[in-house]
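[1] only geometry, no sequence info:
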């Protein structure tokens, strides 16, 4: 295994995102590694069989992307101290568009990431049935090591 100089963490802005970031920052800080945070805007093609969009789709996608970038900037500003305290050498963020699992794996390969740290819980209910587990897809297809974190364990809850 090569030295860990970069860690990637997918962020979904859920209640669990800060818990996952805390674990990722700890790992990145321990290895004095760069921390890459990505958020993936889901493609609308995935939903094309379910509805006909009432507005101009390209404009809606652009607005979602811009909104996601604003959320990412705010998330990083809110948690910058946590990363610094953990000893993270640098934080890079990127908003991507596409299938979440595929884009995470593709970004990791393009950037030469050595470790992906991600949560085990995201989609729930019907979305999970339709799209599957993002963590499972990343674990099965990533060329680098993947560390999964159950965000409910820190709170004393255990979710299946």
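    Happy to help now that I have it. Being a predicted model, the structure only gives us computed values, none of them experimental.
[2] what about the helices in the chain?
    Along the chain, counting by DSSP state H, helices occupy 17-30, 57-86, 100-111, 125-131, 134-141.
[3] buried ones in the first one, by neighbour count?
    Going back to what we said before, that points to helix 17-30. Within helix 17-30, the residues that count as buried by 16 or more other CB atoms under 10 Å are 17, 19, 20, 21, 22, 23, 24, 25, 26, 27, 28, 29. The C-beta positions use only the backbone N, C-alpha and C, and glycine is treated the same way.
[4] looking at those, spot the one nearest residue 61.
    residue 17 (22.3 Å; CB to CB).
[5] correct me, but that closest one touches residue 75?
    Yes - judged on CB atoms under 8 Å, residue 17 makes contact with residue 75 at a distance of 7.0 Å.
[6] got any residues that touch both of those two?
    Common neighbours of residue 17 and residue 75, counting by CB atoms under 8 Å, 6 or more residues apart in numbering, are residue 11.
[7] any low-confidence regions in the chain?
    Regions of the chain meeting the criterion pLDDT under 70 cover residues 1, 43-58, 121-132, 153-160.
[8] and with 90 instead?
    Residues of the chain that meet the criterion pLDDT under 90 lie in 1-3, 12-16, 41-65, 89, 119-136, 150-160.
[9] so what's residue 6 closest to, chain neighbours aside?
    Excluding its sequence neighbours, the residue lying closest to residue 6 (CB to CB, 6 or more residues apart in numbering) is residue 34, at 4.5 Å.
[10] and that neighbour, what does it touch?
    5, 6, 7, 28, 88, 89, 90, 91, 92 are the contacts of residue 34 under CB under 8 Å, 6+ apart.
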